[in-house]
Structures are given as C-alpha cells and as structure tokens.
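Novice: Starting from these lines, generate the structure:
(3 chains)
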Amino acid sequence: MSPSWQACIPLACLIVLGWGYAAVAQAPAPAAAGPTTAELKVALDTLWVAIAAFLVFFMNAGFGMLETGFCRQKNAVNVLAKNLIVFALATIAFWAIGFGLMFGDGNDFIGLSGFFLQGADNSPATGDAYKGVFSALSWAGVPLAAKFLFQLVFAGTAATIVSGAVAERIKFVDFLIFSLLLVGISYAITGHWIWGGGWLADMGFWDFAGSTVVHSVGGWAALMGAAFLGPRLGKYQDGQIVAIPGHNMSIATLGCLILWLGWFGFNPGSVMAADPNAITHIALTTNMAGAVGGIAATVTAWLYLGKPDLSMIINGILAGLVAVTAPCAYITIGSAFIIGLIAGVIVVFSVTFFDKIKIDDPVGATSVHLVCGIWGTLAVGLFAVGPGVYSWYGDGLGPAKGLFVGGGLGQFITQFIGVISVGGMTVLLSTIFWLVLKATLGIRVSRQEEIEGLDIGEHGMEAYSGFLKEAGSGGFAEPGSPKGMSQSGDLPTSL
Amino acid sequence: MSPSWQACIPLACLIVLGWGYAAVAQAPAPAAAGPTTAELKVALDTLWVAIAAFLVFFMNAGFGMLETGFCRQKNAVNVLAKNLIVFALATIAFWAIGFGLMFGDGNDFIGLSGFFLQGADNSPATGDAYKGVFSALSWAGVPLAAKFLFQLVFAGTAATIVSGAVAERIKFVDFLIFSLLLVGISYAITGHWIWGGGWLADMGFWDFAGSTVVHSVGGWAALMGAAFLGPRLGKYQDGQIVAIPGHNMSIATLGCLILWLGWFGFNPGSVMAADPNAITHIALTTNMAGAVGGIAATVTAWLYLGKPDLSMIINGILAGLVAVTAPCAYITIGSAFIIGLIAGVIVVFSVTFFDKIKIDDPVGATSVHLVCGIWGTLAVGLFAVGPGVYSWYGDGLGPAKGLFVGGGLGQFITQFIGVISVGGMTVLLSTIFWLVLKATLGIRVSRQEEIEGLDIGEHGMEAYSGFLKEAGSGGFAEPGSPKGMSQSGDLPTSL
Amino acid sequence: MSPSWQACIPLACLIVLGWGYAAVAQAPAPAAAGPTTAELKVALDTLWVAIAAFLVFFMNAGFGMLETGFCRQKNAVNVLAKNLIVFALATIAFWAIGFGLMFGDGNDFIGLSGFFLQGADNSPATGDAYKGVFSALSWAGVPLAAKFLFQLVFAGTAATIVSGAVAERIKFVDFLIFSLLLVGISYAITGHWIWGGGWLADMGFWDFAGSTVVHSVGGWAALMGAAFLGPRLGKYQDGQIVAIPGHNMSIATLGCLILWLGWFGFNPGSVMAADPNAITHIALTTNMAGAVGGIAATVTAWLYLGKPDLSMIINGILAGLVAVTAPCAYITIGSAFIIGLIAGVIVVFSVTFFDKIKIDDPVGATSVHLVCGIWGTLAVGLFAVGPGVYSWYGDGLGPAKGLFVGGGLGQFITQFIGVISVGGMTVLLSTIFWLVLKATLGIRVSRQEEIEGLDIGEHGMEAYSGFLKEAGSGGFAEPGSPKGMSQSGDLPTSL
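Specialist: Modelled structure (predicted):
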C-alpha cells in the first residue's frame, strides 16, 4: 500500500502544476463605482449560499459524533478518523472529477467538462439554470466558487453516511478508497441525472435538496457495504439479535443536534438564492418534519419496545429530516407534519427489519438515509401543492400536484422511476467498488483485531486513555480477550 | 399512558388534514423583473432573522450538553433525551397554540387567532409593528414564516431551562407534558403581555430579547418544578449540603460555549432586521456582559469558595448573558460591563442560597435564568440611555432614561411591575400544571429507580456503555446498591 | 493574590464610570425613508463581518475541545477552565488597551488612541482603509462595533493557542495574567505593524488573515511558555520520549471540526465585506489547504510512524488551515493544494523535532501554529498570483507575484523580514512576561499537584466524576500515587 501512496504525491503535484496557471486566467472585473441592486442581489445570494454551505459542512461533526457515540469505545478512534478524513477526501475527489461529471457539459447521462473547476461555469447545469431544482431563482449570477462550495459539502455528506453502516469492522484504507470512488464517480453520475440537467430532470423528477441525490445514494452504498462486510462478531448469536450498545450517548445526541442545525443549511440553502419566502418556508417544513419524526419514533419505540429509547429519538428526528429533504419546498407545513410522522414510525420498524435479515448497521444509517430517503422522494408525488401556489414555484419549476392533495398519480410514478434508477445504478457501482476492494485489499479486519478493537489495530491508539473499561465490552467476549484494564500503558510511543 | 398516546396519532392527522389545504391559499407573488431596494431589504432582514434563529436553535445543543455534563452519568441518557425531544414538542405546541396566543389578534391579555399559523400575519404584533421591541426597525416586511421561526426557537429555550432544574428525579412523561403546557400556554400568555402588544407593552415595560419573557419565565417554572419534586436523594443529609458533582465537565464547557455563540443570535437577532449599527452594538454589549460575568463569578468563587470552580465560571458567563438580554439594545458597553459584573457575583451567592433553602437545582438553572433574568430586567430601569442616543432607539421606541444614567425611577418601577406580574402568572400556571401532574401521573421516579439511575429505569439503556463506573457514584450510596460494574451486560436486547 | 483581585473590582467600576457617559455621545442617525444601495451594502457587509466573527468566536469551543481531548483526564477541568475564561479576559484586555494599540492613531510602531473604544474610528487603520488587507473592499462604512467585534475574536484566538502548549503544568493564575498581557500588549503591537498601518504594512508585507498576525504570534508565545515551564513529569525519561496519550479523542476530533468551521469565518471573513467572488474563492482555498493538509499528514504518519495516527490527521488539517491563512486571497486553488500538502508533511516532522529538543507541547500547538504560520506567511512570496488577476486584488492591494508563479524573490524577502521581526518582538515580550511571572508568582504547579492532576489542585473538582480511572494514568506513575479509584468521594463540598 505505501508505494501506491507515495506515488500519489508527485502525481498530485504534477496535476496541480498543469493548471496552476490556467486557473489564473479568470477575467478580473473592474471595481464598480457603487453597487447596483443586481450586484447586491448577487452578493446577498452568494452570502446565503456560503453560509448554508458552512452549516452543511458542520454536519461532518454531526455525523462524526453520532456515529462514534453509537459505536463501542474500542472502535471510537477509527470511526472518528474516518469521519474526519472523509471530507478531505471528498474535497479532492469532487474537485478533480465529481463536480465535472455532475455539473459539466456533457450528455443526459454524464457531464464531461469542468474537471478541477476549469471552465465549468458554461455548463447548462451551473450556468443559466440549475435544472432539477429551481429555475425561477436565478443561480446564474452566483460565482462558480460558490456553486462548487455548496455542491462539495453535499457530496461530502453522501460518503459520511456510508461510514456509520460499515463501522467497527472495515479496514481503514478500504473506506478511504471507497469514499473517493463514491464521491468522485457514483454520486456524481446519478447526481447529474437529477441536478445536472440529465435524463431524470428532463423527465420531470424533482428532488429539492437531495433525499435521493444525497441520502438514498449514501444509503444504498452503505447497505451494500454492510452486506458485503457481514455483521460484527457476536451481533447475531444462536438465532438471537444481541444489542451492542453505543459507548457515548452524550456525543451521539450532540451529533443529532448538529445535524438538525446543518439541515437548516441543507434544505433552505438549496434555494441557492436569498429568497426570503422560500428560505423560511423551507426552514419550517424541515423543522416540522424533524420534530414530528422524533416524537413519532419516541412514541413508536415506547409502544413497541417498551421504553422511549434515546437512539430511536435521535434516528426519528433524522428520519423526518431526511424524508422532508426532497419535498421541503413543494409542500405545506401540514404535509411536512405527516411526512415526518410516517418517517418516524418507519424508521423504528426498519431498524428492526434490517436486524432480522442480518444486515448489521451499527448506527441505523440504512434505515434513516436509505429507507426515509426513498419515502421522502416518493412523498413529493403525494404532497406537492403544484405550481402557482408558492411564489417561488411557478410553472415548470417543480413537481405536479401530488396524489393526496388533489393531483394524479403521474408525479408519484416519475418519482418512483427516479428512485429505482438511481438505486439500481448506485447498487451496481458500489457493488463493483466493494467487490474489487474485497478481491484486492480485503475489506474486513481480522477477527483478533475486531475483538481487540480497531483503534489499536488500525491506529495504534485508544480514544479514552486513562479510563477503565469493561472486559470484552460490547456484546462479544471471547475466552482470553483483554481484561478490564485498557492497554494504554502498553502502547508503543506513538509520536 | 399508551392508549392516550395512540389516540394522539389519528387526532394529529385529522388536525393536519383540516388545514393542509387552507395553508395552500397563500397568495403567490409574480416573480419581479429585478429586485428593488425594498425587496433587497426584506431579503436581507429575513436572512438575518433566519440565521439568528439557527443560532438560537443550536442553543438546544448547548443546554443539552451543559445540563447533561452537570448531572451524574447514571442519568445522562434521561437528561439528553429530555433536551433533545423538548424542541420537537415545543415546535408542535407553539405552532398549534402558542404563537396564536402570543402574537395573534386578541386583547391585552391574550392573543386569539393565528393558531396553526393561519392568518396570524394580520395581527398588530406580527404585522405592522412588533410592540415591546422595536418599531423603528420594520418587521412588517419579513415573511410570517420568518417571524414564526424566530419566535419558535425562543419558546423552545424556555422549556429547556426547566429541564436542568428538575433533572435526575423527574419522570420522563411528566417533563414532556409540562413542556407542552409551558410553551403552548404559559409562556405564550405572559409573552403576549410584553411582545404581543399586551398590557405590559402598553404600560412601557421593555424587555429587548427576553430576560423576562424567556429566561425568568423558564426560571420560575424551573423553581416550582424543583420545589414540588423535592431534592435528590442524599443531597441534604444530616443538616449538610452534599456536593453531587457532574459527570462530564468537557461537554458542560462545550455547552456553555455553544450557548454563548447562540446568544449572538438571541440578542442581536432580536433586532429582527439587518440594522448594522444595532446588531453589532448589541453583539458587543452581550459579549461584554458574558465575559465580565464569567470573570466576576470566577473571582467571587475564588475568594468565597477558595478555588476557581469551573461550574461557577460557566454559570457566571451565562448569568451575565441572561442579565444583559433585556437591556442589551438600550445601554452602553460600560453599563454592560457593570450589569455582567453584578450578575456574576449574584449567581455564586444565589447558588448557595437555593441550597440553603433546600431547593435542589442540579445545574443552577434557577440562579442563572430566574435570578439574573430579574436582575437584567430591572437593569433596564437603571442603565437605559434613553431615546435619541442610538440611531435605532427613537422616541417611544424603548425605555426611558435609567436611574443611574441621569433618569428617574419611573422606568425601574415599570420594570419591577413587569417582573412581578409575569412571575406571579408563571408561578400560578406552573403550580397548576405541576400539581395536576403530581396528582394524576406522579412526577417523581421511585426511590429504587433514582438510586439506580433514570437511564435504566426510564430508557432501558445507559449513556457510557463499556466504561467502569464507581459504585453508588454521586453522593448517595445505599447498602445493596449496584456494584462498581455497569449493567450493560445485563441489558435486554433493546432493538 | 486575592487582595490584588479584590482591588480590580472597584478599579474596573471606576474605569467604567469614566466613560459610561462618554460612549453615549455617538451621533444618532435619523431613520432613513427607504434604504439606498449604499446603505444596503453597509448592512450586507456588516452582516457578513458579524456572522464571520461568530464563527471565529466558536473556535474557542474548538480549541477547548481539542486541547482538553489531547490532555489527560486529571487535567481536563484545568484545560477547560483556561479555554473558557481566556476569551472573557481577551474581551477586557482588547477593549481596554489592545484595540487602541493595534488600530488607533499613532505611529508606525504603535497605536495610541481608541482605548475603551473611544473615538477609534477616525484612525487610518479603522477608518478609510484597513492597510495590510484590502483597500479596494471598503471597510470604512461598517460600524466601529463590527470592526471591534471581528478583531476581538481574532485577538482571542492568539491567547487560546498558548493554552495548549503550556497545559498540564502551568498555574491557573499565571495563564490568566499572561493572556491579558499577550492580547492587550504584545499581540496588539505586532498586529499594528501589519494590520494597523504600521511599518510592515508600509513595506509591502501581506498577511491576509493572520498566519503571522495571529498564529505565529500565538505560536511564539506558546513556545516560550513551554520552554520556560519545562516538560511534564515523565515525558522524557532515560533518554526516551514517552507518549502521553490524550484522554478523549472524540472531543478532540469535534474540536478539529469546529475549528475547520471557524476558519470559514476566519479567512473569508477577513474580506470584511460581502464581496461574493472574494469570499467564496477564499473559502475554497482555505478548505483545499485544510483537506490536503489532513491527507498529507495522514500519509506521512502512516509511512513514518507506521499507523494513520488520529492526532496527526487532526494536526495536519489544522496545519493546512494555518498555512493558507496568510495567502488565501492571493493564490489559486492549485497553490492552496501545494501549500496544504507541504504543511501536512511539515507538521508531522515538526512534532517529532520539538520532542527531540525536549520542548514538551502536549497538543502540538507550536508545530501547527508557529511552524505552519511561518510557512504560510512565506508562501505568500512563493505563490501570490500578483495584482490584476482577481477582481478584488488590484494594484497596491496585495503582494507582488510570487517566486513560483513567475515573479521574483522580492515579496518572499519582505515576508521573511516580517516573520523575523514579528517573531523577534513576540519572543522578547513573551520572555519578559514569562520571566516576571516566574520570578513573582512562580509559573509551575508543585510536583505533587502535577502528579495528582491540576483539577484537584487548582480547581477542587474533577472532570469525570463517577468513572473509574487508571492509577497514575498518563505515562507517569510514582510509588504511592493515587490508586485506581477517583477521588470524587473524598472531595469537599464544592458549592
């Protein structure tokens, strides 16, 4: 592995030198005497896009804390390291390849220009209109750098979703490579179909902020990863499902609240212009679905599992937020209530379902992002109010009226086609990625390493040095496994 | 309990169906050819209101981390669950009832329209002017959704304050119901008097960002809760006050810093318009009071308790921030210094005082929010510079000159009346709520459950699985209580 | 000590009374009939400056979590307390003295007006132009309060950097005093040379967002502190470097992500105007350098130390962010890639280097902030594209073309002079501060207190009450040191 890593460094430098100057060729604008209202609008729109992007970026902290808290302490460093570096990798992959494939000029299936941010602003998807989202709200004036920044933080999210489902048993290097491939290629291609002016956009498929583009894509990739890896040791024993409790519910809850905050950038930010009515309406539908999702999951867990399980409250909130992501701009607050309610109920049963079919997803990422991502995408076809109701939602600028609010089945069918095609493509590509990795590097750590924890095995350190831990904590104790003492005293000098 | 929960689900759906269509009737505006400066101002104002609301929303994470960190690990899941779900509940309660009672058309005592966000924007409080705050800064143009979003995150804060004071012994379900009642009814009614154009607003009572509207209301409700619940087991033993140290000062400190950040939305956001002078002046008075409050509490604790206690630094900062919340727009930075200084000193003695009268408030919420909320509200009458000094503070748009800066006693007396009446009403209503809950469901967990921790008893899980904990940690050890091993190994399968 | 503290309180009140009224004399502006585009621009610029300032403020939470997580649990309260109160102290010091010394009217070496924010807005540095940064982007219209707010959060950062390097052995009171002196005097003086229109600005030295002004200044002060304090007990034993692992990698990682978020305020915020092209370009260069820094450090640590060390991923990201801080507005994204790459490699070797020369810096602050701060400042002379390429970067408004993009050595030499002079001055002043503190109060805690942990010794409390900890955890066990039980049961009543 190390020789290939070493090869990357000069390669990267060569690439960089190639267009280090090319990029300089951006035309300098003469400083204007005083701002016009059009200039002010561009500044205001850009400011909003940038701030929303920062909020979405912060979701990396949310995912990191959520996933780490839901896993065992012996794997905490590994989960943290994955969540920290994944956005760095996404930055490189999306800049070099992904953004071009997704938003560059090309055809209905793939973009073919704008790699390394060269000249991409002439593309129909980033230039005059941003199909699949709003055309009425002109995105054209915002600088290309703003468009890339906003899309980058979204791309990063997709990879982060995978991290949770494959936690506690995947090799570190495989996760890194898979993330590069997912963000650089798979996410970008299916994203092009919808937000890049591709065939699903042409067909009238609408996904406002990414229930499908981001969440279900991340969810499918996560599902395939969890399936190919197999369950953690001791998870399914003697026909029973063994609960493996997370080690830090405080940071998991913090993670959930950071994600909730980030969603105020994710959904309202997808207006990509400072339209006051659109932004605040979307903030309300988003918040309502998250709130009701949390309450619904609490009640469902209380009735069904006997206790208001904190991890279910957390997953219920996220379920509602994921579900409302596609329809948030097209629905009433009341519909957001119902969408969140259903998402909160679904997620509890989905978690149980995946355990029954022995797909071991330590954090419930598949239930939250895949299942509720699909639900939310379909919900567009059920609850969209139709054009002409909201100021930002004119003819041809959004989905047709949904089935439950007086429309027909048409939009629902289109949404269904989108869900299936994006899902199929993502399953196909991520299966290829996982299988190639499995055949070459191997994707799962050794049995011994899994028992001892990936922190020592993969990173040579532990997350909570100085604290005493339980022997074989986390549902799996093998004869001869480490005793109640942590190993920090025995660690080699790590610096 | 479960039947009543089950009944809620169809009920909620019925309500939603009732106006799912009604809400659609919002008039669509034709897309303007190019923005006017008036349109840009609305966009800019809305953007600021929305971003400030997001910051205030994030205070839920701050309260959650602060309160959890200050409690014992055996109750951490419970405190986290309460803090997480309380904003979800506040969303429902404030949308269905609270916002209408607070800002709807009605009389001087209560609003009576605008429930479920239907038609409330015609109300004097949300329409032309937002009495009790600023009239000069027109709030009229901002969309109703923005107004609701901003007010919702404030309402959520009030409920969160209660959470800390009743921690480690309250039944989960009682806290949920109390939060609904507080946000939906009590907070909304007293809020109407001040920010909804009610009788206190008419009288000239001024509370810029809510030292009284939010903090002392939350504080009074918290005080009554702590009083009706009684102290935690082992807190007052043999005439002695037993310190029950919190279990995680790292997240408590993080919580404090998140709250400090949130206050930059809370106070400057209450301008509810992007007035550059007002926003940044208020950011400075807010920050100054928080900073000086922290330093004053540190010094006071050092002199009085012998050590610079971290929990006192935290509470001192919050004390200063709470105190400056009412006067932040009406005072000089120098006055903010003095207000924060006094708050920081008060809070240390207040914590000791409540312990002396055996009101057991695990996180000091009463001292911070109630005592310093009162102090800050009165400080308006002492330090307000009077109209005409700041550009945003013209005649009739704020309090009269304060006693210590050359004015009379008049404003102070009005502030005092406001403090007493809001306090009286909140004590009355929250007493009713607590007593009804006590008589029906019972508000306190069993002795056995309290000793073992609410996490197992109420939620069937623990916060820090895999770590070894002390036997009977937290000031109360009973013969036969759990040994030094945590119970995670014995937990039933929770999913 | 306590008498001097007591003396501060009335003193502070006297100072406050002195200009409590003076500050009132700000001219009230009559409310405009409708906004002009110029007014809207001021509002928009101010909004951006304020929001960026809030993000930078939040970096206090980032530093707090990062430093605490990297230290041992027995010192966690102390590290948290330092990081929490340091911004409060910075607020006072920068308001009273620092802002005036840095931005007030004066000469090329020091500002001499504007103390306590009185009349400073007439200064050349805060008025018409803000030398050292951009002149084209008018900063003149933004209120003085916004300028102060933004500069204050930067000043606070410098003090926070010191906190990590001196952790686990410094007396609490010495850190407080040193912070006051650093922010109030040393940082302000060297800052005046560059951002306050001083001699380095006149000479053509450019540091866009503070690789030198903030980071290397903090780094030099940290280095001197670490040197004068000497290493922690047990760090260098028998000619070997003993790894002392941090106690909480979860919060350390959270801290890193909060800092990364904060940097989107730090660098793009330094535009100090809502210029859409500048802000988003800088966001991209910043993000790219951080991302590549993280990846480069991971790879370097993997090759060099054998494992992808999480603390190196964290420090690599921060190294890239620190390095790009000076050049972020003047370079292409490709150059940001290379600058981050080199920073990520440097930081791994730097950490090892400081350990070899027995400078014990528990969190690597010197390597990140000093070494990469210097690298980034010099990188301006290597990679700056030169005036006229970007719209915001005209003649006389930024550095000359850098050596590696077709320019000469001139800019590099100027940058080098700036690095040396600022470094020399900071070393001189901080040496004086540390030596005076050492001679009077003593700067290091007792051997016994260091072994037992500063939390008990300095603050009378522990961070993680209720958890069992290892005996003598953290690389140093002395015969007779505390056993595996924490001392919380023995603590005196702390409230």
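Novice: Whichever helix or strand residue A:50 is part of - contacts with which helices or strands?
Specialist: Using DSSP states H and E, residue A:50 sits in helix A:37-70. Counting contacts by 3 or more CB pairs under 8 Å, 6 or more residues apart in numbering or on different chains; DSSP states H and E, helix A:37-70 packs against helix A:76-93, helix A:144-165, helix A:249-269, helix B:37-70, helix C:37-70, helix C:249-269, helix C:276-305. C-beta coordinates here come from the backbone N, C-alpha and C atoms, glycine included.
Novice: Would you convert those helices into JSON lines that also reports distance to residue A:462?
Specialist: Formatted as JSON lines, the helices and strands packed on helix A:37-70 follow (distance: least, CB to CB, whole Å):
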{"stretch": "helix A:76-93", "distance to residue A:462": "7"}
{"stretch": "helix A:144-165", "distance to residue A:462": "19"}
{"stretch": "helix A:249-269", "distance to residue A:462": "16"}
{"stretch": "helix B:37-70", "distance to residue A:462": "22"}
{"stretch": "helix C:37-70", "distance to residue A:462": "12"}
{"stretch": "helix C:249-269", "distance to residue A:462": "8"}
{"stretch": "helix C:276-305", "distance to residue A:462": "16"}
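Novice: Need the ones you listed in CSV (columns: mean neighbour count and distance to residue C:237).
Specialist: Formatted as CSV, the helices and strands packed on helix A:37-70 follow (neighbours: other CB atoms under 10 Å in any protein chain shown; distance: least, CB to CB, whole Å):
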stretch, mean neighbour count, distance to residue C:237
helix A:76-93, 28, 25
helix A:144-165, 27, 38
helix A:249-269, 28, 34
helix B:37-70, 26, 35
helix C:37-70, 25, 20
helix C:249-269, 28, 24
helix C:276-305, 27, 20
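Novice: about what we covered before: just checking the distance from the helix holding residue A:50 to the centre of its chain.
Specialist: Averaging C-alpha positions (CA atoms, centre = their mean, to the nearest Å) puts helix A:37-70 14 Å from its chain's average.
Novice: circling back to that earlier point, of all the helices and strands packed on helix A:37-70, which one is nearest residue B:371?
Specialist: Ranking the helices and strands packed on helix A:37-70 by proximity to residue B:371 (CB to CB) places helix B:37-70 first, at 17.1 Å.
Novice: Compute the inter-axis angle for that closest one and helix A:276-305.
Specialist: Using axes from the mean of the first three to the mean of the last three CA atoms, to 10 degrees, the inter-axis angle of helix B:37-70 relative to helix A:276-305 is 30 degrees.
Novice: Which residue ranges of chain A form strands?
Specialist: A:236-237, A:240-241 (DSSP state E).
Novice: Let me see the contact set for the residue in the stretch 151-300 of chain A that chain C sits nearest to.
Specialist: Relative to chain C, the nearest point of the stretch 151-300 of chain A is residue A:251 (5.4 Å; CB to the nearest CB). By CB atoms under 8 Å, 6 or more residues apart in numbering or on different chains, residue A:251 lies in contact with A:65, A:66, A:68, A:69, B:251, C:250, C:251, C:254.
Novice: Out of the residues you listed, flag the one nearest to residue C:36.
Specialist: The shortest approach to residue C:36 among these belongs to residue C:254, at 43.9 Å (CB to CB).
Novice: In contact with that closest one, which residues are there?
Specialist: Contact partners of residue C:254, counting by CB under 8 Å, 6+ apart, are A:61, A:64, A:65, A:251, A:254, B:254, C:65, C:69.
Novice: And it, how far from residue A:248?
Specialist: Distance of residue C:254 to residue A:248, given as CB to CB, to the nearest Å: 11 Å.
Novice: Would you mind listing what in the stretch 51-200 of chain A touches chain C?
Specialist: Contact residues, the stretch 51-200 of chain A versus chain C (CB under 8 Å from any CB of the partner chain): A:51, A:53-54, A:57-58, A:60-61, A:64-65, A:68-69, A:76-77, A:80-81, A:83-85, A:87-89, A:91-92, A:95, A:116-117, A:142-143, A:145-146, A:148-149, A:152, A:172.
Novice: lowest-pLDDT helix or strand in chain A?
Specialist: helix A:2-20 (a mean of 46; mean pLDDT, DSSP states H and E).
Novice: And residue A:339, how close does it get to residue A:211?
Specialist: Taken as CB to CB, the span from residue A:339 to residue A:211 is 10 Å.
Novice: where do the contact lists of the two overlap?
Specialist: Joint contacts of residue A:339 and residue A:211 (CB under 8 Å, 6+ apart) are A:323, A:324, A:327, A:376.
Novice: from those residues, which two are the most distant?
Specialist: Spanning the widest gap among the shared contacts of residue A:339 and residue A:211 are A:323 and A:327, at 8.1 Å by CB to CB.
Novice: In the stretch 351-495 of chain A, what residue lies closest to chain C?
Specialist: residue A:466 (3.5 Å).
Novice: Would you mind stating the distance between that residue and residue C:445?
Specialist: Taking CB to CB, one finds residue A:466 at 19 Å from residue C:445.
Novice: which one of the two has more residues nearby?
Specialist: The residue with more neighbours, out of residue A:466 and residue C:445, is residue A:466; 26 against 23, by other CB atoms under 10 Å in any protein chain shown.
Novice: The more buried one contacts residue C:74, doesn't it?
Specialist: Yes: with contact defined as CB atoms under 8 Å, residue A:466 and residue C:74 form a contacting pair (7.4 Å).
Novice: List the residues that contact residue A:438.
Specialist: Listed by CB under 8 Å, 6+ apart, the contact set of residue A:438 reads residue A:228.
Novice: 10 Å - rerun?
Specialist: Each residue near residue A:438 by CB atoms under 10 Å, 6 or more residues apart in numbering or on different chains is listed here: A:174, A:228, A:229, A:444.
Novice: Tabulate those residues (JSON lines), appending pLDDT and neighbour count.
Specialist: Converted to JSON lines, the contacts of residue A:438 look like this (pLDDT from 0 to 100; neighbours: other CB atoms under 10 Å in any protein chain shown):
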{"residue": "A:174", "pLDDT": "96", "neighbour count": "22"}
{"residue": "A:228", "pLDDT": "97", "neighbour count": "18"}
{"residue": "A:229", "pLDDT": "97", "neighbour count": "23"}
{"residue": "A:444", "pLDDT": "96", "neighbour count": "16"}
